[in-house]
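Asks: following is a predicted model, sequence given first.
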Amino acid sequence: MTEHSLHSEIKDWYKVSGDELEVKVEDFIVDILRGKLLIEIQTGNFSAVKKKLIKLLLNNQVRLVYPIAKLKWIVHVSRSGEFVRRRKSPKKGKLIDLFYELVHTASLIGDRNFSLEVLLIEEEELRCNDGRGSWRRRGVSVKDRKLLNVFDRIVFRDSREFLEFLPKELDEYFTNKVLALKLGISVKLAQKITYCLRKMGAISIAGKKRNDLLFQVS
């Protein structure tokens, strides 16, 4: 799979003086080596790097950097690469969207050598209606992703920090349905949040209410 421009552009944006790029550590190539800190940039599925992270964390401090598109522009090009049109995507990424990927690596949050940094960015996505893309996009392919701007950066080092995602007015015991209602999100996303918080040890199951699990902060 061809690496999108977004990965290399984030790497260039993130690096500081003294950093080493594309360094071999043990059996892996890491994006950035900053002193004793290994920095791995992942613009896609966390499951793709989980095994790599687990092995590197045995003897190293590791930070996973993940971008979420707070603002996205969609650029359509022809099969020959000519510009067709550009529009703003109606979808606006939020920090809470992190949990869609965090389900794959939530158990790593308890590791003292691990930290996670989220970048809220503006990106441009290049698309082509070549019939080779996914059925969800009706065959439209994503040819490239590009970094336009970084709005904010948030670092998570401890499981307790993820409790900030829970609403302040939440009762001591709560269900996924209640959490979804309070946050104004889907029950599916609420389930991912409680799954992650459980894996981190930040919340625990306190019982059941009819067919729904009851959670409480550990």
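Replies: That came in fine, so what should we check first?
Asks: ok, now which ones touch the closest residue to Lys24 other than its chain neighbours?
Replies: Leaving out its chain neighbours, the residue that sits closest to Lys24 by C-beta to C-beta, 6 or more residues apart in numbering is Val30, at 7.9 Å. Every residue, glycine included, has its C-beta placed from N, CA and C. Taking C-beta atoms under 8 Å, 6 or more residues apart in numbering, we find Val30 in contact with 22-24, 38-40, 56.
Asks: just the buried members of those?
Replies: 38-40, 56 (16 or more other C-beta atoms under 10 Å).
Asks: so which of those are in strands?
Replies: With strands taken from DSSP state E, the overlap with these comprises 38-40.
Asks: which helix is the longest one in this protein?
Replies: Longest helix in the chain, counting residues (DSSP state H): helix 187-200.
Asks: give me the helices and strands touching that helix, please.
Replies: Applying 3 or more C-beta pairs under 8 Å, 6 or more residues apart in numbering; DSSP states H and E, one finds that helix 187-200 contacts helix 99-102, helix 176-183, strand 203-209, strand 212-217.
Asks: wait, Ile10 sits on Val65?
Replies: Yes - Ile10 is within contact range of Val65, at 6.9 Å (criterion: C-beta atoms under 8 Å).
Asks: strands of this structure, start to end?
Replies: Using DSSP E, strands in the chain cover 20-25, 28-34, 37-41, 61-77, 83-88, 114-128, 141-156, 203-209, 212-217.
Asks: now distance to Phe162 and mean pLDDT too, for the ones you listed, in TSV please.
Replies: Converted to TSV, the strands of the chain look like this (distance: least, C-beta to C-beta, whole Å; pLDDT from 0 to 100):
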stretch	distance to Phe162	mean pLDDT
strand 20-25	27	97
strand 28-34	24	98
strand 37-41	20	98
strand 61-77	14	97
strand 83-88	30	95
strand 114-128	9	97
strand 141-156	7	96
strand 203-209	9	95
strand 212-217	11	96
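Asks: any chance of those strands in JSON lines, with distance to Ile185 too?
Replies: Formatted as JSON lines, these follow (distance: least, C-beta to C-beta, whole Å):
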{"stretch": "strand 20-25", "distance to Ile185": "37"}
{"stretch": "strand 28-34", "distance to Ile185": "31"}
{"stretch": "strand 37-41", "distance to Ile185": "27"}
{"stretch": "strand 61-77", "distance to Ile185": "15"}
{"stretch": "strand 83-88", "distance to Ile185": "22"}
{"stretch": "strand 114-128", "distance to Ile185": "17"}
{"stretch": "strand 141-156", "distance to Ile185": "18"}
{"stretch": "strand 203-209", "distance to Ile185": "16"}
{"stretch": "strand 212-217", "distance to Ile185": "15"}
